[in-house]
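**Student:** Show me the folded form of this:
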Amino acid sequence: MSILKNMIHPNSPYKRIWDLFVFLCITYFAIEVPIRLVFPHKLTVGVTHFERFIQIIFGIDLVLNFFTSILKDRLVIQNKKIVAKTYLKSWFLIDFLSAFPFDLFGGFFFEYFGVTDSLKILRLLRSVRVFELFKSLRMLALGADSEDRFKLIEVINPMTFRLIFFVYWTSLFAHWVACGWIYLTPEFLADKDIYTRYIRSLYWSVTTLTTIGYGDITPTTNPQTIYTMGVMILGVGIYGYVIGNISTLLSNLDISRVTFQEKLNTINSFIKYKKLPPQLANRIRSYYINLWENKHGIDETEIWNQLPSGIKIDVSMFLHNHLISVVPFFKNAPEELKREVVLELKPAYYMKGDVIFREGDVPHNMYFLSKGQVEVIKEKTGELLATLNSGSFFGEMSLIDDSLRTATIRAGSYCDVYTLSKDAFSEILRHHPSFAKHINVIALERKQHQSSFKESDES
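**Tutor:** Numbers count the residues shown, from 1 in each chain. Purely as a prediction, here's the structure:
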């Protein structure tokens, strides 16, 4: 247990915040170190203290990595020896070189190696870790129950993440290439200020990497020429990668719309093959178009069938509990029965003008109106008895007696409906005998009320 208390969970919210902070520190050095190498300048006391603070952060991060659990095959490994061995074989050397204060030992390194500030370029090695940190920051850790201390949710879409990561690395690489050009060409715009020299070098870097190359800035020495050829080769690769990713991003940006269009083409082929009349064909197309506009091409049934029963029940209660709770004989129903009821609800969709059921039909389902509007009509006279809106229910008496439909229900707009079949409800009552007695009492009272109504009507 002591090991568990001492080790840091890799998905801890605090670890995520720390990773973000380290990521920003790495980005600072990745930008600042090359600039200092090509534009040497004396640091102010404030900047020196700030960089010393960042080095301390890197040192703390190096130590924390020995006490941070690792994830392998979705298993959290908290054994200190395994964690340390894994870290020593992976990122330790890079982290150590980037955190070591070479500038404090400048005299020693100059005496034995003839270098001093150039060793600061070792800090760029830590930029390689940006990929790991950036990937971890794509996920967000949230507190969970005691059995699963931390759960991850994805906060950035994978395609969006790839695009952001690509823009970040491309910008950083263009910056490094620009600094490399200045380093190889000290005479480049030597009479200009450092801001102009950097911007013009960055311009050359971008035009070369994007394979545009206007030719207004060209290499004149062999090192410059070799450097330019290397950047061109990398630029071709980057250009191909950009085009490939953008085309993939655009094709997957709204994949549901593409799927819907394919389905609509199939429907049109079906209509043409079966030679359906124009009015019926338009109703079919209208149905699918309205289904797209309201459901965005989501096949609810397919998703529903793939969910495990435990999640399915919880989702059903969240989505439909308010619908069934307004039904009088469900208000005081036990929670277990409600959970079984919502699990049996089936989605159905109706277009404006569709008849959901007619007066005199044999009842098989009751209906919960999730979205839309329906009209209650007296079939013989055409009289509009009532209008029901979202959140309403109708046809509930079909669950408790065998009487025929007493009115016609017609969709007044596109309707998103959930149905509960009589057979499913009977099976649920079989599991809840006490509630079944309550339903029988309601059914008996309804029959007595109907018979008394008929007698008074006859007299």
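**Student:** Now do the strands in the protein.
**Tutor:** Counting by DSSP state E, the chain has strands at residues 70-72, 75-77, 139-143, 150-154, 346-350, 355-357, 365-371, 373-377, 384-389, 393-394, 408-411, 415-421.
**Student:** so what does the shortest one touch, helix or strand wise?
**Tutor:** Helices and strands touching strand 393-394, as assessed by 3 or more Cβ pairs under 8 Å, 6 or more residues apart in numbering; DSSP states H and E, comprise strand 365-371. Where you see a C-beta, it was placed from the backbone N, CA and C, and this is true even at glycine.
**Student:** neighbouring contacts of the strand it packs on?
**Tutor:** Here strand 365-371 makes contact (Cβ atoms under 8 Å, 6 or more residues apart in numbering) with 294, 320, 323-324, 345, 348, 356, 388-399, 409, 414-422, 425.
**Student:** go on, stretch 52-72?
**Tutor:** Residues from elsewhere that reach stretch 52-72, judged by Cβ under 8 Å, 6+ apart: 6-11, 15, 18, 21-22, 25, 28-29, 76-78, 80, 82-84, 86-87, 91-92, 95-96, 98-99, 101, 126.
**Student:** same deal with stretch 220-231?
**Tutor:** For stretch 220-231, contacts defined as Cβ under 8 Å, 6+ apart pick out 177, 180, 181, 184, 185, 205, 208, 209, 218, 219.
**Student:** out of the residues you listed, who has the most neighbours?
**Tutor:** The most crowded member of the contacts of stretch 220-231, judged by other Cβ atoms under 10 Å, is residue 181 (25 neighbours).
**Student:** re earlier: can you say which of the contacts of strand 365-371 are buried?
**Tutor:** Neighbour-count burial (16 or more other Cβ atoms under 10 Å) is assigned, among the contacts of strand 365-371, to 320, 323-324, 345, 356, 388, 392-399, 409, 414-422, 425.
**Student:** follow-up on the earlier one: now the two most distant members of the contacts of stretch 220-231.
**Tutor:** Put simply, by Cβ to Cβ the two of the contacts of stretch 220-231 set farthest apart are 185 and 209, 16.9 Å from each other.
**Student:** before we move on, back to that, could you save the strands of the chain as a markdown table and add columns showing mean pLDDT?
**Tutor:** Listed next are the strands of the chain as a markdown table, based on pLDDT from 0 to 100:
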| stretch | mean pLDDT |
| --- | --- |
| strand 70-72 | 75 |
| strand 75-77 | 76 |
| strand 139-143 | 48 |
| strand 150-154 | 47 |
| strand 346-350 | 87 |
| strand 355-357 | 92 |
| strand 365-371 | 89 |
| strand 373-377 | 92 |
| strand 384-389 | 89 |
| strand 393-394 | 86 |
| strand 408-411 | 92 |
| strand 415-421 | 90 |
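**Student:** Could you save the ones you listed as a markdown table and add columns showing distance to residue 335?
**Tutor:** What follows is the strands of the chain, written out as a markdown table (distance: least, Cβ to Cβ, whole Å):
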| stretch | distance to residue 335 |
| --- | --- |
| strand 70-72 | 37 |
| strand 75-77 | 35 |
| strand 139-143 | 26 |
| strand 150-154 | 25 |
| strand 346-350 | 21 |
| strand 355-357 | 30 |
| strand 365-371 | 18 |
| strand 373-377 | 29 |
| strand 384-389 | 27 |
| strand 393-394 | 19 |
| strand 408-411 | 30 |
| strand 415-421 | 17 |
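**Student:** Which among those strands is found nearest to residue 434?
**Tutor:** strand 415-421 (19.8 Å).
**Student:** Counting by contacts, list what that closest one packs against.
**Tutor:** helix 335-344, strand 346-350, strand 365-371.
**Student:** Counting neighbours, what do you get for residue 385?
**Tutor:** Per other Cβ under 10 Å, the neighbour tally for residue 385 reads 12.
**Student:** okay if I get the contacts of stretch 220-231 as TSV plus distance to residue 377 and pLDDT?
**Tutor:** Converted to TSV, the contacts of stretch 220-231 look like this (distance: Cβ to Cβ, whole Å; pLDDT from 0 to 100):
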residue	distance to residue 377	pLDDT
177	74	92
180	79	90
181	79	91
184	85	87
185	85	85
205	73	91
208	74	88
209	69	86
218	82	84
219	84	86
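**Student:** Buried residues, the longest helix seen in the chain. List them.
**Tutor:** In the chain, assigned by DSSP state H, the helix with the most residues is helix 222-253. Within helix 222-253, the residues that qualify as buried are 227, 228, 231, 235, 238, 242, counting by 16+ other Cβ under 10 Å.
**Student:** from memory residue 78 sits against residue 8, does it?
**Tutor:** No: in this structure, residue 78 is not within contact of residue 8 by Cβ atoms under 8 Å, at 9.4 Å.
**Student:** can you count the residues close to residue 328?
**Tutor:** 9.
**Student:** cool, and residue 366?
**Tutor:** Residues within reach of residue 366, counting by other Cβ under 10 Å, total 21.
**Student:** Then the one 4 residues further on?
**Tutor:** By the criterion of other Cβ under 10 Å, residue 370 has 19 neighbours.
**Student:** Please apply the same query to residue 69.
**Tutor:** Residue 69 has 22 neighbours, counted by other Cβ under 10 Å.
**Student:** For it, what are phi and psi?
**Tutor:** When quoted as degrees, to the nearest 10, the phi and psi of residue 69 stand at phi -60, psi 160.
**Student:** Please renumber the chain so that the first residue is 39 from this point on.
**Tutor:** All right, first residue 39 from here; so that's residue 107.
**Student:** what about it, distance to residue 325?
**Tutor:** Going from residue 107 to residue 325 by Cβ to Cβ, to the nearest Å gives 53 Å.
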